[in-house]
Structure formats: structure tokens, C-alpha cells
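Asker: Please find the sequence and the predicted model below.
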Amino acid sequence: MTIDRLPDQREERTVTTGTTIGQLFAEVFAGDRSNIAARLRAAAAEPILVDLDRELADGDAIEPVAIDSEDGRAILRHSTAHVMAQAVQEVFPEAKLGIGPPIRDGFYYDFQVERPFTPDDLKTIEQRMQAIVKQGQRFSRRPVSDEAARQELAGEPFKLELIGLKGSGNAVSTDDGADVEVGGGELTIYDNIDAKSGELCWKDLCRGPHLPTTRNIPAFKLMRSAAAYWRGSEKNPQLQRIYGTAWESKDALKAHLDFLAEAEKRDHRKLGAELDLFSFPTEIGSGLAVFHPKGAVIRNEMEQYSRQRHVESGYEFAYTPHATKGTLFELSGHLDWYKDGMYPPMQLDDGVDYYLKPMNCPMHNLIFRSRGRSYRELPLRLFEFGTVYRYEKSGVVHGLTRARGFTQDDAHIYCTREQMSDELDSLLTFVLDLLRDYGLNDFYLELSTRDPEKSIGTDEAWAEATETLRKVALKRGLDLVDDPGGAAFYGPKISVQAKDAIGRTWQMSTIQLDFMEPGLFDLAYKGSDGADHQPVMIHRALFGSIERFFAVLLEHYAGAFPAWLAPVQVTAIPITDAHVPYLHEVAAKLRSQGIRVEVDASDDRMQKKIRNAQKAKVPFMLIAGEEDVTKGAVSFRYRDGSQNNGVPVDEAVAEIVEAVRSRRND
RNA sequence: GCCUCCUUAGCUCAGUCGGUCAGAGCGACGCACUCGUAAUGCGUAGGUCAUCGGUUCGAUUCCGAUAGGAGGCUCCA
């Protein structure tokens, strides 16, 4: 006898012993096959996801899990990973199984094979998967003892290792995906059983749950193969990983593939070359960018506006060198903690080590302590576009978002403990407002806390700093996500994550609270009591790095920057050569208002000029022919293709100037 | 750093199973055209096929190393 509750209209039902969840759902949701699993709450236990063929017990409360819900998709993807593994082992019988969890937008499965998979292999595997899906193999759950599992999986060394991990009583770490295979509780094996013959086709150690049958997989695609370390450690052997994606419908799959295509079109590395904004000359070295004039215009506008806002908000500016003696980074602790991430030293002046700076804060600390400080000066806010160099490993360098040399819009705020909360609060407001000014509107916050292995300072100091940040973050009313162990060695941080135009999130600003470095540097200010006190330090980068923020904006706007940032704001296009002088006059008026305008006097036909300006994503085209000249007017073509013809020149100038000055981000 | 793949004209890419195969489009430049909202026509120039080394009678093509790039893994103060 069993009770069943449904989400909106909680409904109690009595069923006969032995009834499965699937049977009950078939009755309740007649005709609706979209529920592929259930969330089950047995008496007083945490709810768990279970298979539909689970038999109901007295007192169970269940809730359907739809295939297009977050949990439903994860189950779908996990089951698809199984189908892939089965296909791989059918095509490559010697392949040994690693793990195969669902991930964001898809799944993967790791295999140990003689040679890496080729794109042709993926096609073969995909075809084999189609056959398995068609065959309608049933996923059947079977609890096993550790010993039985060991015997059954004697030929799968990696699975045996997972059983060992679980059997030894160690909690299996969740970040390597292994818990998908072996959960905290009993071991289970999933058998894949042929729908017609009842024959066992394949099996895998797995905690489940799974779809009822492979037929429930509506749409999937294998994406790519790559190497991955076993259990995520570079000390372990590398396995071959195949990534795939699976969706609740063909349309959903297509939407996802379209999204990936859109993201590729927006790739800042591609747009940067197409729009002539920046490049990475191999002669300079990996991860070191040069900005071309058009990119420099954008960057300069970004910086100028930031400077202006910082001045308005009480910051003072500093400049510091790019290189320093190693002793400074010994004092700051960087050489202890981050030596591997720094460029190796150069030896000067009889063997003194000099380093390129990976961070600006030690330099700012020296400015703070260059003379005695009074409590009256606090909060002291030092700001710098500080260029830093970090030795990123060759495999991780990635366009402007992961470079070896980049410029932080870095500020260090020195204040008293009493000022700390208010300062953080107004700082967060400042940060979010400024990000909005650049056109980002959708945020959430992340709180990165201490990694005991990689940090200095007392528990009390960390606790206070962390709680202070948490309170400030919560006040904001934005979502706050925990990032345990993600902090720098000297203090916890809040990071602002922003969503771009196509819904991707980017880590933008970071705000770190630091009780440690002021001590290392013996920073002090004279209090109103006449005694020395140690200031608190707030580290904060708003763009993160200018290069990276540039890349984010480039992808966010897909290269079509708002008028105030656009490298060329206006392209003037004559109908014939005869109208060029007239447009030069119009251009001069615009230029006198600070507008970046070009007159296209080339040999191309007018249509071609429009095409060129359109491809360069210029916000305003001003076209003039005989009709316009006689009326003292120009004709607009806007970036979206719309027109406004015969606009008097002064009105046109005013319209453009207003659009630029107002920094409208449309 | 590790794994797989890639590198042919400024850009995007064809091509050579080792022997007149170094090609196209765009771009640049020249000439003609003077045109009302996304490509006018014709012509010219550009590459020791990433670099270095090896195999071979002969290498852009095969092998190795190096550099740079892509996708992952690890890392990301």
C-alpha cells in the first residue's frame, strides 16, 4: 500500500504492492511519456532520484522528473553516456571504461584505448549508438556486493579502483565525477537488456538513475574527443574522453548546436582579426597581444571612462614599474605561493634577481608606507592600470581572456576595520554600476573562501573577513554562490559574474578582503588616539583585466560596439565623387564634436561602400547625393539596416553626438 | 606542462597517394565606370607550401625536432 504525492495537486493514492513508479505514472499521466524518472522521498529520508521501475513502498512520496527538467536532462545525458560506452566497447572491445557523468549541456565518457579516437571513429560510434537507441534496450538496476562487483568487473581496472575507493570507506570526491559511478550507499550495476530477446547486451557499474529504455533518447550528438587524466590528476594516466550532448527533442538539440555556432561567430579571436582590433604576433610570443589602432580606440574609450568614474568616486592614481627585485615578492609572499606562475627571474647587478610583476599590490603597499599615514587619510584608494605578467602554461593561453601579459584596472583600498563594511558596500555598488555602464546587466555573485592548504593567517581573521564579505554580498539581493577553497592566499573574495548577450557567464570583477598583507608590509596609520594601527586592505579589479574585459565586450556585442566605444562611429558615403567635398564638410562638423568619422572616397561603388561599412559594424552611415546636397541634408543608414533620409546636417550631427555622449548601449 | 589535431599569398581555403600543381575567392594596387542604401568590370603584383634537420635521384607532400595555433586535461593569485 503506497501513498503518492504529485507536485501541484498533491494527490494521495493507494496502489497494490509491487506497483512500480512507472506503472503509476502511466496511469496518472496517461499518454504523457515525458517523465523519465522520479524524485522519491521515503519516510524521513532525503529525496533521491530513482528509476521508474522502482517498486513503491508504503509511505513513499514521489514526484515526477520530466526529461526537459534539469534533473531529467542529466539523467538523459547519463544514459546516453552509457549507450556511448556500450557502442565504444562493441567497436573497440579492448577499450577499458573510466567514468561517464553528465555535465553542463552534455556528457562524456573516458576510455583507455590503444590509440586515440579519430573523427571517423566518432562517426562509427555514433552510428552504433543509433542502433542501440533503436533497439530499445532496457536499463535495469541491480544492487551488488563489493565482492560480486569485483568479480563481474574483473576486466575493468578503473572500475575496480572506484570500488576500492568506495569500499575503503573514503568519501569519493565529487569533483572528479566518480560519485556518478559509485555513490555513498550500496553498489549497483545497470544491465542493458534487449527489449525483445531479454538478452544482456552490456552492463556498467553505476548508481543511476537511468531512463527506462534507450528508446527514450530523443536526440544526441558526439562532439569531440580529447585526452583527460584519470580522476583529474596529472600524475595519473591519460584516458581518451569523448564528449557528447543529448537533448529532450531534435529541436532542443538544434537550438544547442545553433547556440554553439553563434558563440563561434562571436569568438573574440576571430572578430579581433576580422575587425582589425588586435593580434598576437608570433615574433612577440604566446599570450602577448598588440592592439591595432581600431582596437586601441576602443580600449582607450574603456579606460578613459573608467578613469573618469574613479576620479568621481574618490580614487587617487598611481603608476608603478613592470619589474622589481625579488625581495619585494619575498616580502609579499608571492614567491612562496606563486613562483610557478611568475616569469623566471633575470639576474642584474651582480646576481640580484629581478622579476616581472604578477600583481600590483606590493607596489601600492610601498606607496602607502612611503610616509606616515593618518586615520584622516583613510579610506585611501590607490588606482592603477597596472600591467602584469604571469607565466601561464603553454596549453592554457587563450586569446585575450588568458594571456601572459595583461593590464589590470587594479585598486587597493586601505581603510580601518570600522570603515571596512561601508567601504565594501559602496565599492560593490560602484562596481555593478560601472559594469552596467558598459552594457552588462545580469549578474550574480560568488564568494570564494579559504583553502587551508594555500593560505596564511589565523582562523579568526579569515572568519571575520569572510563573514564581512558575505554580509555585504547578501545585502545586494543578487544570487550568491559559494566557491569553497577558491580564495587567494591572503584573503577571501567576492567575484561578480556577468551574463552576456547570449547567456554565457564571465567572471568579471573581484573584490578581496585582506588582513594579511598589511601585516607583512608593516603598514600602519596613526589613529585619533595617537597610537599606530594596522589598516585593512581591499584588493579590487573591476574589469579583471582590460584585455579580458575587452574580449568579453567584443563577444557580448558580437563586434557591434555601442556608438561611444565604436572605433569608427560614422562612415560618410558619397553617391558619386562629386559629393565627396560636401561630406568632408559634414565630417569636419562631426569631428569638431569629437566624433570619429571617415569619408569613404574610394573607387568602390556606393553599394560596396555600404557593404564595407556594414561589415565593419559602423553604427552610423551618412549617405549624400544630389538630393541631400541641394537640401543641405544627409541620409542615415543605421547599423540595423533602417534608414532616415534627408535629415538636415545640424540635426544629423546632433543626433550622433547625443548617441555617443549618452553612452547608450543599444 | 600533458594528449590529439592543425600551420599552403595579407585573409579564407583548394591541391600534390614524393616527379611542370603552386591554385581560387576576398583584400591590396592599376585602369575604366560616376552609380540612392550589403559585392561594377578588366588587369597587375604577392607564396623557397611555419622553421630547422633527416630519408630520397628528387620533399610543399614521408619522418623527427622547434615555434605558433585549435580542442580538451591540469592550472587560473
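Answerer: The structure has been received and is ready for your questions. These numbers were taken from a predicted model, which means no experiment stands behind them. Numbering: from 1, shown residues only, chains lettered A, B, ... in the order given.
Asker: Domain-wise, how is chain A divided?
Answerer: In terms of domains, chain A is parsed into A:1-66, A:72-262, A:309-556, A:570-661 (source: automatic domain parsing).
Asker: Please produce TSV containing these, extended by mean neighbour count, distance to RNA strand B and mean pLDDT.
Answerer: The C-beta positions use only the backbone N, C-alpha and C, and glycine is treated the same way. Formatted as TSV, the domains of chain A follow (neighbours: other Cβ atoms under 10 Å; distance: least, Cβ to the nearest atom of the strand, whole Å; pLDDT from 0 to 100):
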stretch	mean neighbour count	distance to RNA strand B	mean pLDDT
domain A:1-66	15	24	77
domain A:72-262	18	3	87
domain A:309-556	18	2	93
domain A:570-661	17	3	96
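Asker: Save those as a markdown table, and put in distance to A:F280 too.
Answerer: Output for these, formatted as a markdown table (distance: least, Cβ to Cβ, whole Å):
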| stretch | distance to A:F280 |
| --- | --- |
| domain A:1-66 | 46 |
| domain A:72-262 | 23 |
| domain A:309-556 | 8 |
| domain A:570-661 | 21 |
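Asker: of all these, which lies closest to A:L275?
Answerer: Closest approach to A:L275 among those (Cβ to Cβ): domain A:570-661, 6.7 Å.
Asker: what's the straight distance from one end of the closest one to the other?
Answerer: When the termini of domain A:570-661 are compared using Cα to Cα, to the nearest Å, they are 14 Å apart.
Asker: That one: how far from the chain's middle?
Answerer: Centre-to-centre, domain A:570-661 and its host chain are 39 Å apart (Cα atoms, centre = their mean, to the nearest Å).
Asker: got the residue ranges for the helices in the stretch 501-650 of chain A?
Answerer: A:517-520, A:546-556, A:580-592, A:606-615, A:626-631, A:649-661 (DSSP state H, counting those that start in this stretch).
Asker: Show the contacting residues for A:A411.
Answerer: Counting by Cβ atoms under 8 Å, 6 or more residues apart in numbering, A:A411 makes contact with A:310, A:315, A:381-384, A:539-542.
Asker: And these, which is closest to A:K393?
Answerer: In terms of Cβ to Cβ, no member of those lies closer to A:K393 than A:A541, at 21.7 Å.
Asker: Skipping adjacent residues, who's closest to the closest one in space?
Answerer: Nearest non-adjacent residue to A:A541, counting by Cβ to Cβ, 6 or more residues apart in numbering: A:Q408, 4.8 Å away.
Asker: Shouldn't that neighbour be within a strand?
Answerer: Yes: under DSSP: H, G, I helix; E, B strand; the rest coil, A:Q408 falls within a strand.
Asker: so it makes contact with A:R548?
Answerer: No: A:Q408 lies out of contact with A:R548 (Cβ atoms under 8 Å); the separation is 9.5 Å.
Asker: where exactly do the helices run in the stretch 1-150 of chain A?
Answerer: A:21-28, A:70-91, A:119-135, A:146-152.
Asker: Distance to A:Q112 for these - can I get that in TSV?
Answerer: Compiled in TSV, those are given as follows (distance: least, Cβ to Cβ, whole Å):
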stretch	distance to A:Q112
helix A:21-28	36
helix A:70-91	11
helix A:119-135	15
helix A:146-152	18
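Asker: Please name whichever of those helices is nearest to A:F489.
Answerer: Nearest to A:F489, of all the helices of the stretch 1-150 of chain A, is helix A:70-91, at 34.9 Å by Cβ to Cβ.
Asker: mind checking which of the helices of the stretch 1-150 of chain A is nearest A:K203?
Answerer: In this view, the helices of the stretch 1-150 of chain A are compared for proximity to A:K203 by Cβ to Cβ, and helix A:146-152 is the closest at 7.4 Å.
Asker: immediately after that closest one, which helix or strand?
Answerer: Later in the chain than helix A:146-152, the nearest helix or strand by DSSP states H and E is helix A:157-167.
Asker: What is that following helix packed up against?
Answerer: With contacts taken as 3 or more Cβ pairs under 8 Å, 6 or more residues apart in numbering; DSSP states H and E, helix A:157-167 sits against strand A:96-97, helix A:146-152, strand A:200-205.
Asker: Bridged to the residue nearest to A:A541, which residues?
Answerer: Assessed by DSSP bridges, A:Q408 has beta-bridge partners A:G386.
Asker: Can you give me every residue that contacts A:G72?
Answerer: Neighbour list for A:G72: A:35-37, A:65-66, A:248 [criterion: Cβ under 8 Å, 6+ apart].
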